[in-house]
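Enquirer: show me how the following folds:
(2 chains, ligands or ions: 2)
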Amino acid sequence: MNRSTDKFLTLFQEAEAHLEQLLPLGQRRLKARATFEHVGFPMQKMEKWRNSHLRTIRETDWVFERTQPAVDKTQWPERFRHAPVFVNGVAESDDFWEERTDGVQIGSLRAALKHTPQRVFDHFNKNNKEDLFGTFALNTLLVTDGLWVYVPKGIRVETPVLAVQYSSGKHHAVNHLRHILVVEEAASVDVQMLQISTPDDNHFIQDITECFVADRGIIRRHVLQQFQGETICFSTAFSTQGEASEYHSNVTTLSSHNTRNEQHTRFDKPDGVARLGGLYLAAEKERVEHQVFIDHAVPDCESHEKFAGVLSGHAQGAFTGHILVREDAQKTNAFQASNNMVLSDDARVRSLPFLEIYADDVKCSHGATVGKLDDEALFYLRSRGIGAEEAKRILLTSFAAATLEDVEDENYKQFVVDEIQSKLAAVSQ
Amino acid sequence: MSNNTLLEIKDLHAEVEGKKILKGINLSIPAGSVHAIMGPNGAGKSTLGSVIAGKEEFEVTHGEVLYKGRNILEMDPEERALEGVFMSFQNPVEIPGVSMPNFLRTIINAHREHRGEEPIAPAEFLRLMKEKAAFLGIEKMIRGRSVNEGFSGGEKKKNEMLQMMLLEPQFVVLDELDSGLDIDAIRKVSEAVNQMRSPDNAFLAITHYQRLLDYIVPDVIHILVDGRIVKSGDKNLALELEKDGYEMML
Ligand SMILES: Nc1ncnc2c1ncn2[C@@H]1O[C@H](COP(=O)(O)OP(=O)(O)O)[C@@H](O)[C@H]1O
Ligand SMILES: [Mg+2]
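Expert: Numbering: from 1, shown residues only, chains lettered A, B, ... in the order given. Ligands and ions are numbered 1, 2, ... in the order given. Purely as a prediction, here's the structure:
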């Protein structure tokens, strides 16, 4: 058993009573413990963990503590200042629960467990792959709360659901969250989440989002990450899709310390579409990684991946894109692009496409680029009177904004582009 | 230098990657005039334009370029542009993701800010952009497109003219404005130039063929061969050249 596995098992043992009191999962935690013990915490040498930075996790004595610091919103974008907040893994409001007359439920997982336990357990862990990586079982072991969104058949939720995942504290605490998004047949929802930490934060966060998209349903999931301090965050989304359904995911990382974003998508019925986008801006010694796994299990589905990174300083970025097209999945369309802009000699980026195709009638493409700013374009802009810094910012912003093309909510798109632009103003100097 | 001189080049030497390209250029271009530079491929015509516009990869090893009496070699490209220098590129670069309207508004506002003016009002900008683009016949295609992306050769040159018309520069380098254009397009871009001609500004028209000079009639023609101006004369020089070729100049 590796050191990290051992450590987290001990941590669980000490915290179990407290965890159960916060979120009673009973047997599910014990089952997850057995799985975790068996699978173990991921090791650096494992194929899909090679680009992740696990040393700090291995060497830190993590604690579980339920702290509820006063929430400092000064660094938050205005857009999220009134949204419900999860503070160090638990909803700030004890009673975060809304059930609308049309049956839409929005609240915390803790509240959902009280109001609608059956429905919660119909979904909890159904998409999570506990036995794939130890991190996923660990999440069940240590989870305290998360966002619950349920949209009944035929209902289209017009206004985006906003939430904030906030972490602040300097005692090396773990925060594990589970978000669950369920849309029934022909229903739709747009969820926008800010993940943010304070400059003194050094927590280990692991959030898992389980998305269930029924036939002709649509989930749009947007995450904006703004980690400060020494926050380690593993953020994973699992989605399964019904017939002619759509799943959109867009993760924009403005700042980070050590972030691993992971997306697992599976098509269960034909004619599904998945659009996955991600952008990270990584400066100084930031490390960001995207792991994507798309399971074309049935015919006639299409997946689009558009990922990009802008790296400067000593930043490190990585993209691993695994596309599995199973034998029966004829007429699959799968497109993948990973484009990176490297602005300094010391920044590093790796793109690893991984195509596993067993069907023969398939359209599949992947492309990876690593480039610098285009000097010709830079000169063109300057020769028209645009200052050097602004010219760089314009070029970088247009490069970065390409990952947001598929975002439907124009307000959100503009908001993120503005955030990117002001972040890049600092990078391009 | 007469007080009418807008641009004066004195014994200009420039090289790129250690290769000498301009080997002592002297030129004096008064306001109100059009000078043409003709010469074979590789003579250094585009290099001269790039040095005037401020492209950094060309190293000026000797000489001066005075614009309104100031040595612009010490200025950044953007500063030169804001002071009224404009180059229409031989091969305008494509800039994916930067939309045409945004780009045009940004450059107009950069110039307005430099003059201490407020940013252009959105309605006024749209009106202006439409008017000039319609004149050039590229009104439809600039909407929703990225700068030069997917433009044909002719559309790229028209886009250069659009920017020139919007920025109203005082000294304009036209680098092979006619290359890749059909006769209608040459007429159109020439009309844009001729409309702008005034006693206050001047043009340096670089061209390989004399064809363009039927439409943009120059006051003086210079022949550039191997980094040097080997002959200057009036517009009849172009006809001579047409007949005898560059070889006779060597
Ligand atoms: N960026 C560059 N790097 C190396 N050589 C260059 C570069 N630009 C131009 N040259 C060389 O300089 C010479 C002059 O080029 P140019 O000024 O483009 O000629 P023209 O415009 O008269 O055809 C040519 O021999 C060309 O190969
Ligand atoms: Mg040339």
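Enquirer: give me every residue that touches residue A:310.
Expert: By C-beta atoms under 8 Å, 6 or more residues apart in numbering or on different chains, residue A:310 lies in contact with A:279-282, A:340-341, A:343, A:396, A:399-400, A:424, A:427. Backbone N, C-alpha and C define where each C-beta goes, glycine included.
Enquirer: confirm it sits in a helix?
Expert: No: under DSSP: H, G, I helix; E, B strand; the rest coil, residue A:310 sits outside any helix and is assigned strand.
Enquirer: ok, what's across the strand from it?
Expert: residue A:281, residue A:341 (DSSP bridges).
Enquirer: now do it, the pLDDT please.
Expert: On the pLDDT scale, residue A:310 is placed at 96.
Enquirer: how near is it to residue A:396?
Expert: Distance, residue A:310 to residue A:396, using C-beta to C-beta, to the nearest Å: 6 Å.
Enquirer: find the nearest non-adjacent residue to residue A:7, please.
Expert: residue A:62 (6.7 Å; C-beta to C-beta, 6 or more residues apart in numbering or on different chains).
Enquirer: hmm, back to that, can I get the contacts of residue A:310 in CSV with pLDDT, neighbour count and distance to ligand 1?
Expert: As requested, the contacts of residue A:310 are exported to CSV (pLDDT from 0 to 100; neighbours: other C-beta atoms under 10 Å in any protein chain shown; distance: C-beta to the nearest ligand atom, whole Å):
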residue, pLDDT, neighbour count, distance to ligand 1
A:279, 97, 25, 32
A:280, 97, 30, 33
A:281, 97, 27, 31
A:282, 97, 28, 32
A:340, 97, 24, 26
A:341, 96, 22, 22
A:343, 94, 17, 22
A:396, 94, 24, 24
A:399, 93, 24, 24
A:400, 92, 25, 28
A:424, 89, 24, 28
A:427, 68, 20, 28
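Enquirer: name the residue most distant from the centre of chain B?
Expert: The outermost residue of chain B relative to its centre, with distances by C-alpha atoms, centre = their mean, is residue B:123 at 28.9 Å.
Enquirer: that one falls within a helix, correct?
Expert: Yes: counting by three-state DSSP, residue B:123 is located in a helix.
Enquirer: and the one residue sitting closest to the centre of chain B, how far is that from ligand 2?
Expert: Nearest to the mean C-alpha position of chain B, counting by C-alpha atoms, centre = their mean, stands residue B:173 at 2.1 Å. If you measure residue B:173 against ligand 2 using C-beta to the ion, to the nearest Å, the figure is 11 Å.
Enquirer: show me what contacts that residue?
Expert: B:49, B:52-53, B:85-88, B:203-204, B:206.
Enquirer: so where does it fall, helix or strand?
Expert: Applying DSSP states H and E as the criterion places residue B:173 in strand B:171-175.
Enquirer: partners of that strand, with directions?
Expert: strand B:85-88 (parallel), strand B:202-207 (parallel).
Enquirer: would you indicate which residues of stretch B:62-77 are buried?
Expert: By neighbour count on 16 or more other C-beta atoms under 10 Å in any protein chain shown, the buried set for stretch B:62-77 is B:63, B:65-67, B:72-73, B:75, B:77.
Enquirer: in CSV, list those along with secondary structure.
Expert: What follows is these, written out as CSV (three-state DSSP):
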residue, secondary structure
B:63, strand
B:65, strand
B:66, strand
B:67, strand
B:72, helix
B:73, helix
B:75, coil
B:77, helix
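Enquirer: near chain A, which residues of chain B?
Expert: Proximity of chain B to chain A (C-beta under 8 Å from any C-beta of the partner chain) is limited to residues B:53-57, B:76-78, B:80-82, B:86-87, B:89, B:92-98, B:106-107, B:110-111, B:114, B:146-147, B:163, B:167.
Enquirer: could you give the number of residues near the spatially closest residue to residue A:104 that is not a sequence neighbour?
Expert: Distance criterion C-beta to C-beta, 6+ apart; nearest residue to residue A:104, sequence neighbours excluded, is residue A:151 at 5.4 Å. Applying other C-beta atoms under 10 Å in any protein chain shown, we find 27 residues neighbouring residue A:151.
Enquirer: I figured residue A:151 hits residue A:157, correct?
Expert: Yes: under the criterion of C-beta atoms under 8 Å, residue A:151 makes contact with residue A:157 at 5.7 Å.
Enquirer: quick check: neighbours shared by those two?
Expert: Common neighbours of residue A:151 and residue A:157, counting by C-beta under 8 Å, 6+ apart, are A:104, A:187-189.
Enquirer: from the contacts of residue A:310, which are also near ligand 2?
Expert: Here nothing survives when these are matched to ligand 2 using C-beta under 5 Å from the ion.
Enquirer: out of those residues, flag the one nearest to chain B.
Expert: residue A:399 (6.2 Å; C-beta to the nearest C-beta).
Enquirer: just how off-centre is the helix or strand harbouring that closest one within its chain?
Expert: Taking DSSP H and E as the criterion, residue A:399 maps to helix A:388-401. Offset of helix A:388-401 from its chain centre (C-alpha atoms, centre = their mean, to the nearest Å): 25 Å.
Enquirer: can you tell me which of the buried residues of stretch B:62-77 is nearest residue A:263?
Expert: Distances from residue A:263 to the buried residues of stretch B:62-77, taken as C-beta to C-beta, are shortest for residue B:77 (42.6 Å).
Enquirer: what residues are up against the closest one?
Expert: Here residue B:77 is in contact with A:379, A:382-383, B:53-56 (criterion: C-beta under 8 Å, 6+ apart).
Enquirer: how about it: what's its closest non-neighbour residue?
Expert: Per C-beta to C-beta, 6+ apart, closest to residue B:77 is residue B:54, 3.4 Å.
Enquirer: so what's the one you found up against?
Expert: A:382-383, B:72, B:75-77, B:80.
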